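> pasting the sequence and the predicted model now:
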Amino acid sequence: MMFGVAFGRASLLAFFAGSRPMAGRHFTSSTALRETQYLLRYDYIPDVLEKRGPYREGHLGVAKDLIAEGKCLSGGPTGEVGMEVPTGALFVFTDEESAKLFVEKDPYVSAGIVTGHSIEEWNVVVQKE
C-alpha cells in the first residue's frame, strides 16, 4: 500500500510537471522568433485621473519622443473591463534600455502617479504582416 501511494504521488507530480511550461525555456534554432520587444507595465495610484493633470503633457511628451526615435512602439492605459479609471499602463519598446529611460524621464514616476513598474522581455512569435 505504501508503494502504491508513493508511486501514485510520483506519477501525479510527473504528470503536473510535464503539463506546465518550463521556466527558462530555450528555443531551438528551428524556432522562428519574430523579434524581441520589451513590455513596461505601470501601476497607478487610485486617483490618477485627479492627480495626473500637471504631469500629463510631460508624460506623453517622453512617450512621443521615444516613438519618433523608433524606440517606443505603442502605449496606453490599462484597467479592469468596464471601469473608467485606469489602474496602470502598458508600453511596448524595442529595447530594454529605452524602457528604462522612459521610466527615468517620466514625470508620472517622479510625481508619485506610478506606484510600481516592471519591464519584461516579450518574444513576439506571431503578428500581422
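Cool, the structure landed.
> strands along the chain, start to end?
Per DSSP state E, the chain has strands spanning 35-44, 72-78, 88-93, 114-124. These are given in chain order.
> which secondary structure elements does the second one contact?
In other words, strand 72-78. If you count contacts as 3 or more C-beta pairs under 8 Å, 6 or more residues apart in numbering; DSSP states H and E, strand 72-78 packs onto strand 35-44, helix 53-68, strand 88-93. Glycine gets a C-beta too; all of them are placed from N, C-alpha and C.
> over to the first one?
Contacts of strand 35-44 with other secondary structure elements, assessed using 3+ C-beta pairs under 8 Å, 6+ apart, are made with strand 72-78, strand 88-93, helix 96-105, strand 114-124.
> contacting residues around that strand?
Contact with strand 35-44 is made by 73, 75, 77-78, 86-96, 98-99, 102-103, 108, 113-124, as judged by C-beta atoms under 8 Å, 6 or more residues apart in numbering.
> now those residues: which count as buried?
Among the contacts of strand 35-44, the ones that count as buried by 16 or more other C-beta atoms under 10 Å are 75, 86, 88-89, 91-94, 98-99, 102-103, 108, 113-114, 117, 119.
> circling back: mind putting the strands of the chain in JSON lines, mean pLDDT and distance to residue 66 included?
Formatted as JSON lines, these follow (pLDDT from 0 to 100; distance: least, C-beta to C-beta, whole Å):
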{"stretch": "strand 35-44", "mean pLDDT": "97", "distance to residue 66": "11"}
{"stretch": "strand 72-78", "mean pLDDT": "98", "distance to residue 66": "4"}
{"stretch": "strand 88-93", "mean pLDDT": "98", "distance to residue 66": "7"}
{"stretch": "strand 114-124", "mean pLDDT": "97", "distance to residue 66": "14"}
